[in-house]
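**Student:** Sequence and predicted structure are below.
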Amino acid sequence: MAYIIEKDICEGIADCVDVCPVDCIKLGKGLNAKKTAFYYIEDDICISCGVCLDACPVQGAVIPD
Ligand code: SF4
């Protein structure tokens, strides 16, 4: 299992990026439906620790896959 970032819910606040222990949250290209930057998780590197979910202030932006 990995975690995923819902592209059209993420608001690009990026609190998750700094807390990820394996640096697998990356800036996506372009803008999402909210016209903000968004991030994605490299699922082959993610260790499913859940720290990003705890750090995210936007309900539903980070979910277990
Ligand atoms: Fe990084 Fe852990 Fe979130 Fe995976 S679950 S993206 S390793 S903080």
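**Tutor:** In hand now; what should we look at?

**Student:** Next one: the one residue sitting closest to the centre of the chain from residue 21, what distance?
**Tutor:** Centroid-nearest residue in the chain: residue 5, 4.1 Å away (criterion: Cα atoms, centre = their mean). The spacing between residue 5 and residue 21, counted by Cβ to Cβ, to the nearest Å, is 16 Å. The way it works is simple: take the backbone N, C-alpha and C, and place the C-beta from them, glycine included.

**Student:** Can you pull the residues of the protein lying near the ligand?
**Tutor:** Taking Cβ under 6 Å from any ligand atom, the part of the chain that reaches the ligand is made up of 3, 20, 22, 24-25, 41, 46-52.

**Student:** Can you give me every residue that contacts residue 63?
**Tutor:** Taking Cβ atoms under 8 Å, 6 or more residues apart in numbering as the criterion, residue 63 is in contact with 3-4, 6, 53.

**Student:** Next step: these restricted to helices.
**Tutor:** Within the contacts of residue 63, residues falling in helices by DSSP state H are residue 53.

**Student:** Mind giving me the PyMOL command for buried ones among the contacts of residue 63?
**Tutor:** Only the buried entries of the contacts of residue 63 go into this PyMOL selection, using 16 or more other Cβ atoms under 10 Å:
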select buried, resi 3
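
**Student:** ok, the contacts of residue 63 vs residue 36, which is closest?
**Tutor:** Minimum distance to residue 36 across those is 12.7 Å, recorded for residue 6 (Cβ to Cβ).
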